[in-house]
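Q: sequence and predicted model, in that order:
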Amino acid sequence: MNIELSRRSFMLGAGAGLAGTSLAALGFGEIEAAHALSIRPFRLAQTKEVRSQCPYCAVCCGMLIFAAESKEEKGKMEVTHIEGDVDHPVNRGTLCPKGAGALDYIKAKTRVKYPMYRKPGSNSFERVSWDFAMERIAKLLKDDRDANWIDKNRDGVTVNRWLTTAFLAGSSVANEGGWATFKVSRGLGLLQIENQARI
Amino acid sequence: MTNSWTDIKNADLVWIMGGNAAEAHPCGFKWVTEAKAERGAKLMVVDPRFNRSAAMADHYAPLRSGSDITFLSGVINYLLSNDKIHKEYVRHYTNAAFIVRDDFEFNEGLFSGYDESKRSYDRSTWEYKFGPDGFALRDMTLSDPRCVFQLMKKHFAQYTPELVERVCGTPKDRFQKVADWVSSTANGERSMTIMYALGWTQHSHGAQNIRCAAMIQLLCGNIGIPGGGVNALRGHSNVQGITDVGTLTAAIPGYLALPTEQEPTLESHLSKRTFKPLTPNQTSYWQNYRKFFVSFLKTQFGANATPENEFGYNYLPKLDGIYDCIKMFDLMHQGKTTGLICQGFNPLMAIPNSNKSREGLAKLKFLVSMDPIETDTARFWENHGEFNNIDPAKVQTEVFMLPVTSFAEEEGSVTNSSRLIQWKWKAADPYFESRTDTEILADLFVRMRKMYEKDGGKGKEALLAVDWSYKDPLHPSVDELQTELNGKALVDLKDASGKVVRAAGQRLATFGEMRDDGSTDGCMWIYTGFYGPTGNMAQRRDNSDPSGLGVFPNWGFSWPANRRIQYNRASADPDGKPWSEAKKYMYWNGERWTGPDVPDYVPTIPPERAVGPFIMNAEGVSRLWVRGLMADGPFPVHMEPFESPVGNIVFPKLKGNPVARIFKHDLAALGTSKDFPIVGTTYRLTEHFHYWTKSVQVNAVTQPEFFVEMSEQLAKEKGIKHGQMVRIRSNRGEVKGKAVVTKRLKPFTIDGKTVHQVGLPLNFGFIGETKKASPINGLTSAIGDANSQTPEFKAFLVNIEPIAGSVA
């Protein structure tokens, strides 16, 4: 059941065939152009299509994700449509009530757009630059690490650990990002590391 | 999962217990309906609630939440006492024949070696007896009174159908039918799959629930065959991959162990883990541990890992105990934690005892949330009235909320519940200023290393030893990271004759190429081959299935070694012939092991060598008896939840799991059945994913608010009307929501006493588009499983009362 032809090119081909040949064959040549103009272009034909997968449960249903130029951010591509991947052996084109709504997750009102910062005691977040956030977090991490670093335990064994900062790692990041997370968090000497596997 | 989603179609019997696939994994559950429609398979569901999986079932049996071990032990007893087991499988592929030490004992629920003051076991008596040759003693007739098989018969004899009914509240005939159906697969002709999820894990004895399932499947010979297996239906899209990668307190990628401080040298760490075979001729694959561990060190520390410095072993942090999330939040609550970074994690909602969590968060100096969406945790300091009652002015925590790309705005490999690694391509650009997790962590790491280089500081050497030689240190590429996961040759690798088998710089094709001398790297041996010399196997999209058994061997890459069914050598008998034509899978063709899958075995070892099919175990066989590998016993025993409506009927002396860890604060927060007589249990709704989709409009429209499910009998007893607002309290907190009075729940009769249970959906909170609700984990208790520290979310005590005048 391998689908050689992408759905998009198939649709494009089918549409052109209908407008260009069937009407002309019936003797309506002169209205052909006008009729073709009146047909709204198939919207998915204007989009870029990639194979992806559902971000929710670990069935990891195959998804086709369509993107077009963003209306909100000029020059960027945004997701415009998501549907189940019919080629995928597990979900065979279906999506559940969660996956079928995944587009709305990408466009959720609570999507974070900019780095936000809340000062001690404050009643609100304020927008800050990435540079401010990164510099401040790096400084806070270094201060705590320097203050609480343990290089040797009581028996003189080298232990190189840092116990006063904790890292809750996500289970939706891809394997490559997960490995980067491991490398950094262990590289810092953290032992308080946890992900959703346990809960 | 030992098997795969698509393999479920090969099952003749599907048993769902401790999960609810129809609602939590709908598109995976499709393979259950496929098995029913195409093979005439039967589905049975055992659950406290008549859920939507039960609605599709041919047989449903209710049980009280937290009593699974007794139910499952009842099935084990039925199989053993009626001799309905797959005898040759049990004899040759399990440790049933192994002889246990004479000083092992079991009395009144406790195994030998218990120390009450330490709440732990000395497990030395739980070991096999060994002969003068150093190998374990066996009795292949299974008749020695000290062999595992005979000990098992004795141990499980008391779990009769009558006891199951008394403890679990399952009517005897409903239980009996389950046991009968299970036994119909104990013959090599038919197979049963067991599908479970957090309904089994989230108990203080969760790991023993799953052991019971493994034992049943081994007694029936259902491991390693099509349509069989013990299948954990995992909950997050890449929770399997992230478990593999090991972002967990005591882990190193690929199920290697982070060293403890009792292991001061590399050799002291390795020597404990390179297990020698316990019977002759066995593979005992962990003998290769050192190759995998040294290759990991070469990836973590690169050129800074040399034979002279034990490949950088000392740069790794050493454990002085484990820091799981319950411990983490206990330390935070004690004010011992300075900072917390949450990457796609919403602990205020997800961690037990939310009031304790909120107090802990308020004691932090700083909190960083890396997430595509705003989480309740990132706004824990904000007052949301009764739903998050806090005074922001008093919270001194600095909070950063960093925008992270969504799943569609990044590429990479993701591992599904079947261990299948698949690729996702990037579909769109990062939303506004969002960055990938890798970019954010790389930026922090590079900045910190510069600070240490410039200003110095503690632990500088270990920090700078980490290999960060990416082409662009601020943007390690997915390709570079994937190469590190896979591993490569660092010099020309030669075979014994001197021929170069893998040139320097080439990626490795299998973990069999890894070496322990520093000439290979690769941080996660189990994935080796997924980005081998021929390319990115995770991107393969050939969905042909030549065997018709749902194998799809050329779709993605299934770890390890692209194997789809684990332990698949066990699908053939000791002579290498399939147990039956119906279940034919991997077999010996006279020259090698062959079949539709990659053999879980050395492909050229002939059957007469009697190498066991469970090659990871030093015994070569599977374990009905787990020796000292589990904290709470070599066999399961009935343990009640820490909060239970009844005492332990089977072993009156046991209070909860006798070796579960309990912190002072959490012990004090336990309630009693006098004040809180009703069992509470939490679960997901099919319309929602965890705490994410309450931010998604379409999901919020379909399930807009928190509710509590209860039986008609309980509603009547409490004077609660359908749709009325009710208050649910535990000894730790309270939540409010509408009552859904339903026939899906029925009161249980436990040892003559009526016990009610209520159902509490977990998907709501105070941030997002759904109606505001208090975190459901405000009710739950921060006590974890004795082996895994998974919190006991599925069984705790509550009480419930109507709120006057509020009927919808």
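A: Now that the structure is in, tell me what you want to look at. Here the structure is a predicted model, which is why all the values come from computation and not from measurement.

Q: need the longest helix for chain A.
A: Longest helix of chain A, by residue count under DSSP state H: helix A:130-148.

Q: is that helix in proximity to chain B?
A: Yes - using Cβ under 8 Å from any Cβ of the partner chain, helix A:130-148 comes into contact with chain B via A:130, A:133-142, A:144-148. C-beta: built from backbone N, CA, C; applies to glycine.

Q: what's stretch B:146-156 in contact with?
A: Stretch B:146-156 is contacted by residues B:73, B:76-77, B:80-81, B:90, B:94-100, B:102, B:106, B:129, B:138-139, B:142-144, B:624-625, B:635 when judged by Cβ atoms under 8 Å, 6 or more residues apart in numbering or on different chains.

Q: just the buried subset of those, please.
A: Buried residues within these, counting neighbours by 16 or more other Cβ atoms under 10 Å in any protein chain shown: B:73, B:76-77, B:80, B:90, B:94-100, B:129, B:138-139, B:142, B:144, B:624-625, B:635.

Q: filter the residues you listed down to the ones in helices?
A: Per DSSP H, those map to helices at B:73, B:76-77, B:80, B:90.

Q: make a markdown table from the residues you listed and add pLDDT and distance to chain A to it.
A: Below are these laid out as a markdown table (pLDDT from 0 to 100; distance: Cβ to the nearest Cβ, whole Å):
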| residue | pLDDT | distance to chain A |
| --- | --- | --- |
| B:Ser73 | 98 | 25 |
| B:Ile76 | 98 | 27 |
| B:Asn77 | 98 | 31 |
| B:Leu80 | 98 | 33 |
| B:Val90 | 98 | 31 |
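
Q: and the residues you listed, which two are furthest apart?
A: Across these, the longest distance by Cβ to Cβ is 17.0 Å; it joins B:Ser73 and B:Val90.

Q: burial of the residue in the stretch 51-200 of chain B positioned nearest to chain A, as a residue count?
A: Relative to chain A, the nearest point of the stretch 51-200 of chain B is B:Leu198 (8.3 Å; Cβ to the nearest Cβ). For B:Leu198, the count of nearby residues is 23 (other Cβ atoms under 10 Å in any protein chain shown).

Q: what does B:Lys664 give?
A: For B:Lys664, the neighbour count with other Cβ under 10 Å is 9.

Q: picking that back up, could you verify my assumption that the residue of the stretch 51-200 of chain B closest to chain A touches B:Ala232?
A: No - using Cβ atoms under 8 Å, B:Leu198 is not in contact with B:Ala232; the gap is 9.4 Å.

Q: tally of neighbours for residue 47?
A: All of this refers to chain A. Residues lying near A:Thr47 (other Cβ under 10 Å) number 19.

Q: right idea, wrong chain: chain B
A: Using other Cβ under 10 Å, the number of residues around B:Asp47 comes to 23.

Q: does it really touch B:His59, like I thought?
A: No - using Cβ under 8 Å, B:Asp47 is not in contact with B:His59, being 11.9 Å away.

Q: do a quick rundown of the strands in chain A.
A: A:48-53, A:62-69, A:77-84, A:116-118, A:126-127, A:149-152, A:158-162, A:165-168, A:193-194 (DSSP state E).

Q: let me have those strands in CSV, extended by mean pLDDT, distance to chain B and mean neighbour count.
A: Below are the strands of chain A laid out as CSV (pLDDT from 0 to 100; distance: least, Cβ to the nearest Cβ, whole Å; neighbours: other Cβ atoms under 10 Å in any protein chain shown):
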stretch, mean pLDDT, distance to chain B, mean neighbour count
strand A:48-53, 96, 4, 20
strand A:62-69, 97, 4, 22
strand A:77-84, 97, 5, 20
strand A:116-118, 98, 4, 21
strand A:126-127, 98, 9, 11
strand A:149-152, 98, 4, 16
strand A:158-162, 98, 4, 22
strand A:165-168, 98, 4, 26
strand A:193-194, 98, 5, 26
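
Q: Serialize those strands to CSV and add fields for distance to B:Ser434.
A: Listed next are the strands of chain A as CSV, based on distance: least, Cβ to Cβ, whole Å:
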stretch, distance to B:Ser434
strand A:48-53, 17
strand A:62-69, 15
strand A:77-84, 12
strand A:116-118, 12
strand A:126-127, 13
strand A:149-152, 32
strand A:158-162, 28
strand A:165-168, 19
strand A:193-194, 24
